[in-house]
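Enquirer: Sequence first, predicted model second:
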Amino acid sequence: MASSYTLPELCKDFTCETCSVFKRSSAMNGIYKTISFEPSHICITMLQIIDACKPGIYAAFEEIIRKRIKCKVNFGIQILFHKIDFSDGSVMAEDRGYMSVNAMVVQPGVNLDDLIEEARADLEEKIETFTNKGSNWIVGAIIQYTLAFVAFK
């Protein structure tokens, strides 16, 4: 089915009002590609960033699905955490973190909405685990949504 290990250029002419391509990279002769999207407004929940970046996510998958290329995809986020002083509500510290889920297989006939939903649930669980440790960290913003693809036979 898949005639090549090489992934197509992702989101070549992509434009959208709710997000933009922040960064693209490629390695191993096009077998591995990443694309990061930045929302046009501040997002603090996974639902907000997915809604903002969904046009980009769909565009990134468009050629892969159309050409029936088998690959794995890793969904990830860059997140800004704020450490809050609850006595006055001020931000005591900021820290950027990265979270991702295990790579998922993309094959012909895959339901993209199911993949996105599974990744969303996993990432929300990771955020909740981090913020519920009692260290006064909260989500300040989810800055980027990244897709990392690797092709295989």
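Expert: Noted; the coordinates are in hand. Keep in mind that this is a model prediction, so the values were computed, not measured.
Enquirer: So what pairs up with the closest residue to Y32 other than its chain neighbours in the strands?
Expert: Excluding its sequence neighbours, the residue lying closest to Y32 (C-beta to C-beta, 6 or more residues apart in numbering) is V150, at 4.9 Å. Just so you know, the C-beta spots here come from the backbone N, C-alpha and C atoms, and that holds for glycine as well. Counting by DSSP bridges, V150 forms beta bridges with Y32, K72.
Enquirer: contacting residues around V150?
Expert: Counting by C-beta atoms under 8 Å, 6 or more residues apart in numbering, V150 makes contact with I31, Y32, C71, K72, A103.
Enquirer: Including neighbour count, could these go into a markdown table?
Expert: Below are these laid out as a markdown table (neighbours: other C-beta atoms under 10 Å):
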| residue | neighbour count |
| --- | --- |
| I31 | 16 |
| Y32 | 16 |
| C71 | 22 |
| K72 | 16 |
| A103 | 14 |
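Enquirer: Out of those residues, the closest to S20 would be?
Expert: Y32 (22.3 Å; C-beta to C-beta).
Enquirer: give the contact list for that closest one.
Expert: Taking C-beta under 8 Å, 6+ apart, one finds L7, S26, A148, F149, V150, A151 in contact with Y32.
Enquirer: show me where this structure has helices.
Expert: 46-66, 112-131 (DSSP state H).
Enquirer: From the centre of the chain, give me the residue that's furthest out.
Expert: S87 (34.2 Å; C-alpha atoms, centre = their mean).
Enquirer: do you know how far that residue is from L123?
Expert: Separation of S87 from L123 (C-beta to C-beta, to the nearest Å): 31 Å.
Enquirer: what's the answer for E9, then?
Expert: Taken as C-beta to C-beta, the span from E9 to L123 is 26 Å.
Enquirer: Equivalent analysis for R68, please.
Expert: 27 Å.
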